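**Q** Here is the input, now give the coordinates:
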Amino acid sequence: MRIKYLILFLVLVIPVFGQQNGNFQIGRVKYAGGGDWYNDPTEEVNLLNYIKAHTNLKVKAEYKFVDIASDEIFSYPFLFLTGHGNIVFTEDEIVRLRKYLEGGGFLYIDDDYGLDKFIRREMKRVYPDKDFIELPFNHKLYHIVYDFPTGPPKTHEHDGKPPQGFGIFIDKRLAVYYTYESNPSDGWDDPEVHGDPPDKREEALRFGTNLVIYALTN
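**A** The predicted model follows:
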């Protein structure tokens, strides 16, 4: 494991995003359109507890949602968006999300099955001149703490396609990361929710650790 990056997080990221108490939190994105943005609230809690147990990152392990129509998003260096269906951003939300990302924020999107066409449409509204680009397997995100030599894990089958990880870059910085046909966030849930075997849950939690550490140090 490579944990040397955490000092940089404490010095630079927390003051910028207002988490001055030194406890990192994930903000779950609340959105309109009918999709279930609120599903599986134990995901972030379990991931943060895993990170706390396996790194020296100080966390506050609780489920916390944030409305992108509010200034509250700027208190979180890491936003998480998931769901199964439609998503619609207002014009004001588009402006705020763009400001958040261009100010150094990181957005992780996980397709929980059925989100793909909607999130691609809405992110194109956020950045009309940018496309999701598939990350190569040698990208730092896949190796920063735990090694994922073939990219994101295949936590759930969905349509049986290979898992893929896509990014949107701002001035060469990965600002948005999107997992498709992968669904690692479901692997963060309590074991009885989806019935995932221990090795799948461990794999998903390790991948989530990579996501957080990468987002906070790059």
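
**Q** which stretches of the protein have low pLDDT?
**A** Low-confidence segments of the chain (pLDDT under 70): 1-22, 194-195.

**Q** ok, the residue nearest the centre of the chain to residue 192 distance?
**A** A centroid search over the chain (C-alpha atoms, centre = their mean) returns residue 108, at 2.5 Å, as the residue closest to the centre. Separation of residue 108 from residue 192 (C-beta to C-beta, to the nearest Å) stands at 24 Å. C-beta here means a position set from N, CA and C on the backbone, and glycine is covered the same way.

**Q** try residue 40
**A** Separation of residue 40 from residue 192 (C-beta to C-beta): 12 Å.

**Q** So if I had to pick from those two, which one is more boxed in?
**A** The residue with more neighbours, out of residue 40 and residue 192, is residue 40; 20 against 7, by other C-beta atoms under 10 Å.

**Q** To which secondary structure element type does residue 29 belong?
**A** Under DSSP: H, G, I helix; E, B strand; the rest coil, residue 29 falls in the strand class.

**Q** so what secondary structure elements neighbour the one helix or strand the residue nearest to the centre of the chain maps to?
**A** According to DSSP states H and E, residue 108 maps onto strand 106-111. Judged by 3 or more C-beta pairs under 8 Å, 6 or more residues apart in numbering; DSSP states H and E, strand 106-111 is in contact with strand 78-83, helix 91-102, strand 173-180, helix 198-217.

**Q** Pick the most deeply packed of the ones you listed.
**A** Neighbour counts (mean count of other C-beta atoms under 10 Å) averaged over each of those peak at strand 78-83, with a mean of 24.
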